[in-house]
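Peer 1: After the sequence you'll find the predicted model.
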Amino acid sequence: MTKKRIVIIQVLVGFILPLFLQTFGLFSPCWTTDGNINKGLFYQCVGSTCNSESGILNRATLGLECTAFIVMAFSFLVFGVGIVCYGPDELGEFNNGTSGLCYNICKMYAMQCFCCFPCSGLLSLVGCIVFSSDFNTAALGWSFYMCIAAGSIVFLNVFITCFDGICKKKSEESVVKSLVFDMYFKNY
């Protein structure tokens, strides 16, 4: 498998999956269930009829989850653009014009977003913890668990990336550095 395909797989699993889970968890109406009534952060559904007149279940959770969603989406966009523009080319090389102001600005934003990405996972998990402290554990719905999964996958992604950056893989010829190190930290 080429380096470019490995990077694309890391982006799909590490960035798109948590963003997908966070989006559907945040905007779906199944944070709590009470018989026939499903309540979400924005609205509630009774049977197949949904309305938003019931009020917000937990304002702190809503704020934390929305902030996590925004930070996660922004990090995904900027880091994704950085990987597409400055990741490995078709031959697996990282020498795609590594000089110039545009390259350094994009590299800086990508590094900052990689630092913001764990914050989005933390915000999502803290929002879920705050929400679960107000409601019975048996009444929590699948939307709640989707947001917990999104935050957990973010931390798993960060752990794997840091582990990949710290521990070097050995090949038969020489030590191969991690992809993240080659892409973003090689010139520092």
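Peer 2: Yep, it's here.

Peer 1: Give me the distance between residue 78 and residue 72.
Peer 2: Going from residue 78 to residue 72 by CB to CB, to the nearest Å gives 11 Å. The C-beta positions use only the backbone N, C-alpha and C, and glycine is treated the same way.

Peer 1: what are the ranges of the helices in this structure?
Peer 2: 3-11, 17-27, 59-86, 101-134, 142-166, 179-180 (DSSP state H).

Peer 1: can you pull the buried residues of the second one?
Peer 2: Read it as helix 17-27. Residues 17-19, 21-23, 25-26 are the ones in helix 17-27 that count as buried (16 or more other CB atoms under 10 Å).

Peer 1: Residue 78 and residue 72 - which one has more neighbours?
Peer 2: The neighbour count for residue 78 versus residue 72, taken as other CB atoms under 10 Å, is higher for residue 72 (27 against 19).

Peer 1: Surely that one and residue 20 touch.
Peer 2: No - counting by CB atoms under 8 Å, residue 72 stays clear of residue 20, with 10.2 Å between them.

Peer 1: so which of the buried residues of helix 17-27 would you say is closest to residue 133?
Peer 2: residue 25 (17.7 Å; CB to CB).

Peer 1: Outside of stretch 123-139 itself, which residues are in contact with it?
Peer 2: 22, 31-34, 57-58, 60-61, 63-65, 67-68, 71-72, 140, 144, 147-148, 150-152, 154-155 (CB atoms under 8 Å, 6 or more residues apart in numbering).

Peer 1: make it 7 Å
Peer 2: Stretch 123-139 has contacts (CB atoms under 7 Å, 6 or more residues apart in numbering) with 22, 31-34, 58, 60-61, 64-65, 67-68, 71, 140, 144, 147-148, 150-151.

Peer 1: hmm, which of the residues you listed are the buried ones?
Peer 2: The buried subset of the contacts of stretch 123-139 (16+ other CB under 10 Å) comprises 22, 31-33, 58, 61, 64-65, 68, 71, 140, 144, 147-148, 150-151.

Peer 1: so how far is residue 147 from residue 27?
Peer 2: Taking CB to CB, one finds residue 27 at 11 Å from residue 147.

Peer 1: and residue 48, how many neighbours?
Peer 2: Neighbours around residue 48, by other CB under 10 Å: 5.

Peer 1: And residue 9, by the same measure?
Peer 2: For residue 9, using other CB under 10 Å, the count is 11.

Peer 1: And the closest residue to residue 14 other than its chain neighbours, how close does it get to residue 30?
Peer 2: Nearest residue to residue 14, sequence neighbours excluded (CB to CB, 6 or more residues apart in numbering): residue 157, at 3.7 Å. For residue 157, the distance to residue 30 equals 25 Å [CB to CB].
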